[in-house]
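Novice: coords please:
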Amino acid sequence: MRPVLVLAVLSAAVLAAPVANTQQPAAPSVPAIAGLPPEARAAAASIDPEKIRAHVRFLALNLMEGRGPGTRGDELSAEYMATQFALAGLEPAGDNGTYFQRVPLFAVHTVEDKTKFAFIPANGAPVDLTYSSQIVAKDQTGQEAADFDVPIVFVGYGIDAPEYNWNDYASPNGHDIDVKGKIALVIVNEPPSDDEKFFKGKALTYYGRWTYKYEEAARRGAVGVLIIHRTDLASYPWDVVRNSQAIEKSYLRGDPSATLRAAAWIQHEVAQQLLTMAGLGDLDRAIDAAGKRGFHAVEFPVKLRGHVESHVRRYDSTNVMGRVAGVSSADQVVLYTAHYDHLGIDPNAKGDNIYNGAADNGTGCGILLELARAFAQSKVRPPHAVYFASVTAEEQGLLGSQYLGTHLPVPADHITLDLNYDMLLPIGVPLSANLGGAELTDFWPTVQSVAKAFDLALQPDSNPMAGHYYRSDHFSLARVGIPGISVGQGDLFEGHKQEWGHDQFADFTAHHYHQPSDEYHADWDFRGNAKMARFGFVLGWLASAQPKPVEWNPGDEFEAARKASRAH
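Specialist: Okay, here's the model as predicted:
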């Protein structure tokens, strides 16, 4: 039997099978909202928490091998998503009349026991670094070996932002320091601020993301980048960095920004040792100084000697895409997204080495599939077409959605809104929501009114310095101008104080995020996932129904991309 037919049978069996001792009280019904037809309200109300549970359970099975891109588990997961789209009645929206959009990638796995790094001072003995516990790195070029012995240049946060009159690459003589053929040492995150006109205050901008730091250094010809990790600035512990780098890292084939021979992170204590060798004293004081005006880049009297060996494989993964036709053919498409990939298997780990990714992002996939089913089986069609994309390689750096953003099924300016779901913990019914990006658009008043009808208090990001908006797939769509909203829960849940919700998320981040322990639990409560799916259904329907497309607020960082898409 063809894989898709095998999965069709298996999927139907999984969804039909009872799940013992997991039934929860019914999720709240969908409120009556102006502009939402009764048939659409009924379709939204049909979203079933137990169907979401079944999807999450299946996608998190060991059988799926952690859904690492370019693996058997990746292919099985993509076939599962496509099968569910087909069963729900969605039209294919991928390549050549299929549900699949081919994404060309190559994967790099650092050979840890053959990869060596050392600090080489101008005077004194070299200091060897221990891979994994002190430093992790990837060669972005797709070569099997790289050797270098080059100067280290400290460039603060590694940011060049003319709109904020900020350039970390500036030297005391007024010219930019030369990092060509050298290693750029940068601090994770961005300069701290309470001024919303300066790097958006406490909220992280894209300048603070590690991806930007790699891209900027590569544009300037650097051989590599060392990102200094500090838990409070990064918003996640060193284990998250180490685990993310212990497995393969993929890159889009032909990506001109992936040129570093060492895209690396170093542990805080190691960076302190480096600054001591360079005669710069206390690292944390240097970090504080780099966050203030007057900082100048400086070349250290220390080199980084590196030998990086990599296993490289070239492969194709797939975005899975389906479509529900609308009443009108006008260009006001709504797009729903969720990534289906996770971290796969760590071949070097002892014990449990499968990163099942139940919450991250089995939950988003379960929600996406229920949204797709509800739209496809609604007794009334949406005002305009609705697309559903389950994308690959998110954990590798938003690669599937990056490819989707440049290979869209319709032009970018024809898409009015992207609603993205990523890692919604199934821990009960939320009474608050965090909607990253919604406030940046003129759709915000509608979002506020719908949230109120759903009894969802809108909470600001409790950790704005984490830059959550730039860490999931809606960002790839925003970069090409499409207004994107990350649909997430807040900290307040039915039957609990707000501190309880905060503690649940903090515990998950500390002990399960990007860990093999992110596994499905039979006692999880998916009513909240269903509520957030219903909420997103209504938002998407209303965005499709309004008389004009959703727009970024004037002056927003993504407004120029929106205008450019229309000009193109």
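Novice: Quick check, pLDDT for the spatially most central residue of the chain.
Specialist: Nearest to the geometric centre of the chain sits S472, at 2.4 Å (CA atoms, centre = their mean). At S472, the model reports a pLDDT of 93.
Novice: Roughly how far does it sit from F505?
Specialist: Distance of S472 to F505, computed by CB to CB, to the nearest Å: 15 Å. In this view, the C-beta of every residue, glycine as well, is placed from N, C-alpha and C.
Novice: can you check M423 too?
Specialist: Distance from M423 to F505, by CB to CB: 10 Å.
Novice: just checking, what packs against the longest helix along the chain?
Specialist: Counting by DSSP state H, the longest helix found in the chain is helix 527-545. Applying 3 or more CB pairs under 8 Å, 6 or more residues apart in numbering; DSSP states H and E, we find helix 527-545 packed against helix 38-45, helix 49-59, strand 333-339, helix 363-376, strand 415-420, helix 444-453, strand 484-489.
Novice: so how far is that helix off the chain centroid?
Specialist: 21 Å (CA atoms, centre = their mean, to the nearest Å).
Novice: hey, which helix or strand in this structure has the poorest pLDDT?
Specialist: helix 3-16 (a mean of 46; mean pLDDT, DSSP states H and E).
Novice: Next secondary structure after the longest helix of the chain?
Specialist: helix 559-567 (DSSP states H and E).
Novice: Output that next one as CSV, nothing but the C-alphas.
Specialist: Coordinates of each C-alpha in helix 559-567 appear next as CSV, following Å, rounded to 0.1, in the frame of the first residue of the first chain:
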residue,chain,number,x,y,z
GLU,A,559,5.3,47.7,7.0
ALA,A,560,8.0,48.3,4.4
ALA,A,561,7.9,44.6,3.4
ARG,A,562,4.1,44.7,3.0
LYS,A,563,4.5,47.8,0.7
ALA,A,564,7.3,46.1,-1.2
SER,A,565,5.1,43.0,-1.8
ARG,A,566,2.4,45.1,-3.3
ALA,A,567,4.9,47.0,-5.5
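Novice: so for it, what's the average pLDDT?
Specialist: pLDDT averaged over helix 559-567 gives 93.
Novice: Mind listing residues that contact that helix?
Specialist: P411, A412, D413, A478, R479, V480, G481, I482, P483, E551, W552, N553 (CB atoms under 8 Å, 6 or more residues apart in numbering).
Novice: Is N123 within a helix or a strand, and which one?
Specialist: Counting by DSSP H and E, N123 is found in no helix or strand.
Novice: Around it, how many other residues sit close by?
Specialist: 6 (other CB atoms under 10 Å).
Novice: Can you check what pLDDT the model gives it?
Specialist: For N123, pLDDT reads 91.
Novice: Below-threshold pLDDT in the protein: ranges please.
Specialist: Residues of the chain meeting the criterion pLDDT under 70: 1-28, 465.
Novice: Longest strand in it, by number of residues?
Specialist: strand 298-324 (DSSP state E).
Novice: in its sheet, what does that one sit against?
Specialist: Note on strand 298-324: by DSSP bridges, its sheet partners are strand 91-92 (antiparallel), strand 100-110 (antiparallel), strand 116-121 (antiparallel), strand 145-154 (antiparallel), strand 386-391 (antiparallel).
Novice: what is the orientation angle of it with strand 333-339?
Specialist: 120 degrees (axes from the mean of the first three to the mean of the last three CA atoms, to 10 degrees).
Novice: Pull out the buried positions in strand 298-324.
Specialist: 298-300, 302-306, 308-310, 315, 317-324 (16 or more other CB atoms under 10 Å).
Novice: quick one on the thing from earlier: now the strands paired with strand 298-324 in TSV, with mean neighbour count and distance to S328?
Specialist: Below are those laid out as TSV (neighbours: other CB atoms under 10 Å; distance: least, CB to CB, whole Å):
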stretch	mean neighbour count	distance to S328
strand 91-92	16	16
strand 100-110	21	25
strand 116-121	18	58
strand 145-154	18	54
strand 386-391	28	12
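Novice: what does stretch 124-135 contact?
Specialist: 110, 112-113, 115-121, 226, 242, 246, 264-267, 269-270, 273, 277, 305.
Novice: try 6 Å this time
Specialist: Stretch 124-135 is touched from outside by E112, T115, F117, A118, F119, I120, R242, I266, Q267, V270, with contacts defined as CB atoms under 6 Å, 6 or more residues apart in numbering.
Novice: For A567, see how far away the second one is.
Specialist: Counting by CB to CB, the separation of T115 from A567 is 46 Å.
Novice: next one: the first one
Specialist: Distance of E112 to A567, computed by CB to CB: 48 Å.
Novice: higher neighbour count, those two?
Specialist: Neighbours per residue, other CB under 10 Å: of E112 and A567, the larger number sits with E112, 13 against 7.
Novice: and the residue nearest to the more buried one when sequence neighbours are not counted, how many neighbours?
Specialist: Closest residue to E112 apart from its sequence neighbours, by CB to CB, 6 or more residues apart in numbering: Y131 at 5.1 Å. Using other CB under 10 Å, Y131 has 21 neighbouring residues.
Novice: tell me which residues form a beta bridge with Y131?
Specialist: I135.
Novice: mind checking how far it is from S310?
Specialist: If you go by CB to CB, the gap between Y131 and S310 works out to 13 Å.
Novice: For Q402, which non-adjacent residue is closest in space?
Specialist: Nearest to Q402 is S476, by CB to CB, 6+ apart, at 4.7 Å.
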